[in-house]
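> Any chance you could fold what I've pasted below:
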Amino acid sequence: MAYRSGENFTILTVCTGNICRSPAVEHLFRAAFGATSGVTVASAGTGALVGQPVHGPMADLLRGVDVDPDGFAARRVTEQMLRGADLVLPLTRDHRAQVVDLAPAAVRRTFTVREFARLASQVDREQLEARVPGRVVPATTQDE
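Just a heads-up that it's a prediction; the model follows:
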């Protein structure tokens, strides 16, 4: 049986400060999946600036694509967060190593964003949609 954290499928993105890259990925994924997708997205940092909002320039970029970063507060990644995530997406290999050091059992569901993008590009969208009835899978924006 596949690992599941609960009712929704949970994605956790991880960077260093949790004020720029990982919250941007969190907000963009959340916007792409939508509120009714059954996918929950969160982020955290290995050296988080706890309580800080999304960094101003990144917040402006998100607003520029109609994604609202307001109300965000940075948080430090914990073993409990990693145990509760179905998929962990660190932004770099160093972040991935830190995640696996903190929660070794997460290794099989932890991929850098780049690794995950390569894997996802190999998935047939029609087959995926057929396996998840009633759920909308976000379209890719990558040029083919």
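> At which residues are the strands of this structure located?
Secondary structure of the chain (DSSP state E): strands located at 9-15, 39-45, 87-90.
> Output those strands as a markdown table; include the columns mean pLDDT, distance to residue 118 and mean neighbour count.
Using the backbone N, CA and C atoms, a C-beta is placed for each residue, glycine as well. Shown next, in a markdown table, are the strands of the chain (pLDDT from 0 to 100; distance: least, Cβ to Cβ, whole Å; neighbours: other Cβ atoms under 10 Å):
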| stretch | mean pLDDT | distance to residue 118 | mean neighbour count |
| --- | --- | --- | --- |
| strand 9-15 | 96 | 17 | 24 |
| strand 39-45 | 95 | 20 | 23 |
| strand 87-90 | 97 | 13 | 25 |
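> need those strands in JSON lines with distance to residue 130, can you?
Output for those, formatted as JSON lines (distance: least, Cβ to Cβ, whole Å):
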{"stretch": "strand 9-15", "distance to residue 130": "17"}
{"stretch": "strand 39-45", "distance to residue 130": "18"}
{"stretch": "strand 87-90", "distance to residue 130": "21"}
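> pretty sure residue 25 is touching residue 113, no?
Yes - with contact defined as Cβ atoms under 8 Å, residue 25 reaches residue 113; the gap is 6.6 Å.
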